[in-house]
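Colleague: From the sequence below, what's the structure:
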Amino acid sequence: MERLNAIIRDPFFIENLRKTNEREKERIFCRHGLDHLIDAARVLYILVLEDRLEVSRETAYTAAFLHDLGRWVEYDTGRDHAEASAELSERLLDEHGFKGTEKEIILLAIRGHRVKGAVGILTDAMYRADKLSRPCMNCLSISMCKRFSHGETAEIEY
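Modeller: Numbers count the residues shown, from 1 in each chain. Here you go, the predicted structure:
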């Protein structure tokens, strides 16, 4: 996990996380700060183990820690944050030794984390982890959340 720890100490990562935190300080819905990234990483790795995906723990954790890196871009421009996050993440991956197939697996997971069933060995698990990491059952804003406006219910998945 040495490379991931280097990423989360990187000033570029910290600045992008700060930008998202700043834009979400008044947000009534779930936020995309460090707590969410840690929760998503832990759930993602559980899914990797359960689904027997051939992905290292560091690869899974890195994808989860970077999947919302460009969330602030969506607030500022309306551009999809999954694509913005992948573009911003590429720099960090290159600088911290993620190359080849491993880098592509991470970038596919980031780009596809909002699309159920998107292509990529880690992508569907990243989509699920992003959703499962949220404590929706305890949310005071659930009645206004677009995720639940079409009849979906907040449940614990076993």
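Colleague: Any stretches of this structure with poor pLDDT?
Modeller: Filtered on pLDDT under 70, the chain yields the residue ranges 27-32, 135-158.
Colleague: burial measure for the closest residue to residue 110 other than its chain neighbours, as a count.
Modeller: With C-beta to C-beta, 6 or more residues apart in numbering as the criterion, residue 110 has its nearest non-adjacent residue at 4.5 Å, and that residue is residue 86. In short, each C-beta sits where N, CA and C put it, glycine included. Neighbours of residue 86 under the rule other C-beta atoms under 10 Å: 23.
Colleague: residues touching residue 86, list them.
Modeller: When contacts are counted by C-beta atoms under 8 Å, 6 or more residues apart in numbering, residue 86 touches 70, 107, 110-111.
Colleague: Next, the contact list for the residue nearest the centre of the chain, please.
Modeller: Of all residues in the chain, the one closest to the mean position by C-alpha atoms, centre = their mean is residue 67, 3.2 Å from it. When contacts are counted by C-beta under 8 Å, 6+ apart, residue 67 touches 37, 40, 82, 85, 109-110, 113, 126, 130.
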